[in-house]
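# following is a predicted model, sequence given first.
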Amino acid sequence: MAVGNTRRNAVNAQEGSATPTRNLAESPLAWLARRKDKDGQPMLTDAEFDAGEKLRADFWFAQMTPRTTANWSLLLSGGGGGKGAPDIGPDIRDAVVASKERVKRALAAVGPDLAGVLIDVCCHLKGLEASEKASGWPQRSGKIILQIALRQLARHYGMLPPPTTAHADRPVRVRHWGASDYRPEIDPR
């Protein structure tokens, strides 16, 4: 449920526990989701937005963001001395490895051509213009490429159904301009 600049995520609706909020003013995806296209429809569907935010969360939990401060992980894992918490280290490492694997699978599912824009916009929170410049794309093409990438990501996560083809039950016929008895010749030079 979107509320102003925050979006609530239910942690456990059955037990009635508190729901965490996150500031969507920092997300380029939230900015794009609030925008409308020429027909008055949102630029991003809920599934596309949620897929991008899920990738962002996994990227963050996988600790794949660049470090800008000191590394305090040794204190949590007990590796920096005998005063660390002994039971928390393995659980954190398992969660990090699982998150990293989910990110790798998601980026592999969308392909290398679309993974870059997802990392830039969803994970590193770069704006579309900066991502367009870095990728060498024409101006205003980033929105379309990002929409395609997010749609593929939402399909990978199962938030959208797989694409359907018009005649999936029939084989594709190749047509040619020759007569019905036309046979191409192969020139064995």
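Everything's here; your move. Numbering: from 1, shown residues only.
# state the number of residues packed around Val117.
Other residues near Val117 number 24, with proximity taken as other Cβ atoms under 10 Å. Where C-beta positions appear, they are placed from N, C-alpha and C, glycine not excepted.
# actually, Glu48.
25.
# contact partners for it?
147, 150-151, 153-154 (Cβ atoms under 8 Å, 6 or more residues apart in numbering).
# just for this structure, where's the confidence low?
1-25, 67, 71-91, 165-169, 171-177, 188-189 (pLDDT under 70).
# cutoff 50 now
1-20, 80 (pLDDT under 50).
# quick one, what contacts the residue lying closest to Asp37 once chain neighbours are set aside?
Of all residues not flanking Asp37 in the chain, Met43 sits nearest, at 5.8 Å (Cβ to Cβ, 6 or more residues apart in numbering). Counting by Cβ under 8 Å, 6+ apart, Met43 touches 32-33, 35-37, 143, 147.
# and if you look at Pro161?
Pro161 neighbours (Cβ under 8 Å, 6+ apart): Arg155.
# how about it, phi and psi?
The phi and psi values for Pro161, taken as degrees, to the nearest 10, are phi -70, psi 160.
# Lys36 now?
Backbone torsions of Lys36, given as degrees, to the nearest 10, read phi -110, psi 150.
# and after the longest helix along the chain, which helix or strand comes next?
Secondary structure of the chain read by DSSP state H shows that its longest helix is helix 88-110. Heading C-terminal from helix 88-110, the first helix or strand you meet, by DSSP states H and E, is helix 112-118.
# what's in contact with that following helix?
Here helix 112-118 has contacts from 52, 55, 107-108, 110, 131, 135, 142, 145-146, 148-150, 152-153, using Cβ under 8 Å, 6+ apart.
# farthest-separated two in these?
Ala108 and Gly142 (21.9 Å; Cβ to Cβ).
# and the two? Which one has more around it.
Ranked by neighbour count (other Cβ under 10 Å), Ala108 and Gly142 place Gly142 first, with 23 against 11.
# all helices for this structure, in order.
Taking DSSP H to define them, one finds helices in the chain at 28-34, 46-61, 73-77, 88-110, 112-118, 128-135, 142-156.
# export those helices to a markdown table and tack on distance to Glu185?
As requested, those are exported to a markdown table (distance: least, Cβ to Cβ, whole Å):
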| stretch | distance to Glu185 |
| --- | --- |
| helix 28-34 | 54 |
| helix 46-61 | 50 |
| helix 73-77 | 68 |
| helix 88-110 | 43 |
| helix 112-118 | 38 |
| helix 128-135 | 44 |
| helix 142-156 | 41 |
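# thanks a lot, catch you later.
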